[in-house]
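>>> take a look and give me a structure for this.
(chains A and B)
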Number of protein chains: 2
Amino acid sequence: MKNQQIVLAERPEGIPGPQHFSDKTTDIELTPPEGQITVKNLFLSIDPAMRGWVSVEENYLPPVGIGEVMRSVAVARVVATSHPDYAEGDYVYGMFGWQEYCITDPAMMVRKLNPELAPVSTALGAIGPNGLTAYFALFENGEIKKGDTVVISTAAGGVGSIAGQIAKLTGCIVIGLTGSDEKVAMCTEEFGYDHALNYKTCNDLEAAIKELAPNGVNVFFDNTSGSIADAVYPTLAMHARAIQVGTAAIDTWLPVPIGPRRDRYILTKRLKVSGFVILDHYDKFTEALTQLATWYNQGQLNYRESITYGLENAPTALAQLYEGANLGKQLICVADDND
Amino acid sequence: MKNQQIVLAERPEGIPGPQHFSDKTTDIELTPPEGQITVKNLFLSIDPAMRGWVSVEENYLPPVGIGEVMRSVAVARVVATSHPDYAEGDYVYGMFGWQEYCITDPAMMVRKLNPELAPVSTALGAIGPNGLTAYFALFENGEIKKGDTVVISTAAGGVGSIAGQIAKLTGCIVIGLTGSDEKVAMCTEEFGYDHALNYKTCNDLEAAIKELAPNGVNVFFDNTSGSIADAVYPTLAMHARAIQVGTAAIDTWLPVPIGPRRDRYILTKRLKVSGFVILDHYDKFTEALTQLATWYNQGQLNYRESITYGLENAPTALAQLYEGANLGKQLICVADDND
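You can find the predicted model right below:
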């Protein structure tokens, strides 16, 4: 059986794009080894974290090797099984990579999906890592509660838009920071933010936030780092929580960029600053997914998908992600569910 | 009755010294108003935080005004009382300022001292704010436990030396960072640090710490900020805790100095960075003071005092504190207990 793949051809400096990947075709057996499953990918997730996965910089996963299939989370269907817990036709979520088929040991972070909970593609976004990231980062690291003022950077993005809505559902005052007037409008009109600011055109972002949050910001959900975060730190209230969920505004950490020191704010305001990686929260996924699906099915979570068809378009879709043009969660549809 | 005082004459830019203060003599009544007490200062505490108290920068207490008595914590004896809970002769701890006598409302953070627990002067150091700071910062923010590797900056100082000993008593591997070879020797010989490094002469502090802590540093008790902290962040282990207890290495925060961004470490290593101010922990002082006094009386806490006699020497002692020359907790003895 033929398996189309996209492999890392060259390690990018900065933003990865089509020039760093190449196509490959391999032969695989349909029947997997004992204890494993063969899955057929339906949807691939295109994620900001992928830039880190192909870099040699310090990260929470080892870098993808040159010549290796590009790492990617995906939703797939089991097409052959040698594992007693998995049946042909099961929907699964896992790190199946940029390829048509994947033979894998389900112990490697594979999760079965319940297609009755919500459409399976949402397992790559709102009822998946994006929703889980927003949920645990806000409730566990951010300790959000009713009445808190919450600032969210990349406010209209896949994670940020869910975070904004969860904060609103919790009774917070929510301010979004985003990079275009179109996204500002999405924040307030579609995602229910109380306020949204375009950090690219705002003359004094710090002053603008202080005006919107006269008593200070209690929780900062930070997906950007860099100068956007620099504008938020001086607005934080006593005992505020800042959560580092991503660093999308920093092109490279080699060498480490410089910026204003935050230690004085951290000390005098007794801030809690913490890093968040969703893999740490695997044990508590079920509770959160049930809550997210409930909100989604009640129409309380506005969630957009931007679907590009064809495995071969994954590298281009990844490059476009960093241009900030995408509206909603970027997916690649690899195969129709009924193929 | 005459009351000698030292008042803030001029707001310093940077390090405060004798030129910023002036002497003043006022007349006061011995008998305090209803609900208040009159105390006679015995010992004044000379603290790094005082630089912040006389600056206009953002802080956790309002700045001392020009012409006002310099703020200072002190140990004193009650010499007259109009408060039912306080008797003449009681020892008390409070913000009594750089003066001979203070008339105060005990509700303003005054604590009664038990002279049988430990010598009353220790209430300004090891069995007082320094010990309490070390205790709560390590156990609450730092969540220290047996086997952790702990790095302490200003390792031989009033707070750092207690922190190092508490970490050792808890079964940690403890590395001290300090600014002279004499203090390095004090760290390992008197305070029981496993290792100590002179950050002024060490060619590559980061590499030196990594060699001493091959599995990474679990807890960073940071009293300095600046380039010393910059060397420690890359050595932190997954899920490490960094506690901002002070920022002694930064001369001024106006304008905010720049340094390497830490967001990537915070994110990928899921660090917890938090600010610590002892005033937040007032409700739990008794438990901690009892534990600290027990260790002290068992000879398990090595604690030095550096006592300068005479109220008039307080400004000079404060300036010298920032030169890093003092060995142990700097006190001013204002009056003999038997005067």
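>>> which parts of chain A sit against chain B?
A:57-60, A:222, A:225-226, A:229, A:244-247, A:250, A:253, A:256-277, A:280 (C-beta under 8 Å from any C-beta of the partner chain). For the C-beta atoms, the positions are set from N, CA and C on the backbone; glycine is no exception.
>>> restricted to helices, list those residues.
A:226, A:229, A:263, A:264, A:265, A:266, A:267, A:268 (DSSP state H).
>>> could I get these in a markdown table, plus columns for neighbour count and pLDDT?
Formatted as a markdown table, those follow (neighbours: other C-beta atoms under 10 Å in any protein chain shown; pLDDT from 0 to 100):
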| residue | neighbour count | pLDDT |
| --- | --- | --- |
| A:226 | 18 | 97 |
| A:229 | 25 | 98 |
| A:263 | 26 | 97 |
| A:264 | 22 | 95 |
| A:265 | 23 | 96 |
| A:266 | 26 | 97 |
| A:267 | 23 | 96 |
| A:268 | 20 | 93 |
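>>> filter the residues of chain A next to chain B down to the buried ones, PyMOL style.
Per 16 or more other C-beta atoms under 10 Å in any protein chain shown, the buried members of those correspond to this PyMOL selection:
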select buried, chain A and resi 59+60+222+225+226+229+244+245+246+247+250+253+256+257+259+260+261+262+263+264+265+266+267+268+269+270+271+272+273+274+275+276+277
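>>> from the residues of chain A next to chain B, which land in strands?
The members of these that map onto strands under DSSP state E are A:222, A:244, A:258, A:259, A:260, A:272, A:273, A:274, A:275.
>>> farthest pair within these?
Pairwise distances across those (C-beta to C-beta) peak at 23.6 Å, for the pair A:258 and A:272.
>>> which stretches of the stretch 1-150 of chain A form strands?
Using DSSP state E, counting those that start in this stretch, the strands of the stretch 1-150 of chain A run over A:2-8, A:21-27, A:37-45, A:74-81, A:91-94, A:101-104, A:111-113, A:149-153.
>>> could you list the paired strands of the longest one along with their orientation?
Yep, that's strand A:37-45 we're talking about. strand A:74-81 (antiparallel), strand A:101-104 (antiparallel), strand A:329-333 (antiparallel) (DSSP bridges).
>>> so which of the ones you listed is the most packed in?
strand A:329-333 (a mean of 24; mean count of other C-beta atoms under 10 Å in any protein chain shown).
>>> which other residues reach that strand?
Here strand A:329-333 makes contact (C-beta atoms under 8 Å, 6 or more residues apart in numbering or on different chains) with A:42-46, A:121, A:124-126, A:130, A:158, A:303-311, A:313-314, A:317, A:320-321.
>>> ok, the spatially most central residue of chain A - contacts?
What sits nearest the mean C-alpha location of chain A, by C-alpha atoms, centre = their mean, is residue A:130, with 4.6 Å. Residue A:130 makes contact with A:124, A:158, A:159, A:162, A:329 under the criterion C-beta under 8 Å, 6+ apart.
>>> and if you look at residue A:145?
Contacts of residue A:145 by C-beta under 8 Å, 6+ apart are A:170, A:171, A:172.
>>> now the buried members of those residues.
Of the contacts of residue A:145, these count as buried by 16+ other C-beta under 10 Å: A:170, A:172.
>>> turn the contacts of residue A:145 into TSV, including secondary structure and pLDDT.
Listed next are the contacts of residue A:145 as TSV, based on DSSP: H, G, I helix; E, B strand; the rest coil; pLDDT from 0 to 100:
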residue	secondary structure	pLDDT
A:170	coil	98
A:171	coil	98
A:172	coil	98
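>>> which among the contacts of residue A:145 gets closest to residue A:198?
residue A:172 (21.2 Å).
>>> can you flag the weakest of the strands of the stretch 1-150 of chain A by average pLDDT?
Here the strands of the stretch 1-150 of chain A differ in mean pLDDT, and the lowest is strand A:111-113 at a mean of 93.
>>> rewinding a little: select only the buried ones of the contacts of strand A:329-333 in PyMOL?
Buried residues among these (16+ other C-beta under 10 Å), as a PyMOL selection:
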select buried, chain A and resi 42+43+44+45+46+121+124+125+126+130+158+303+304+305+306+308+311+313+314+317+320+321
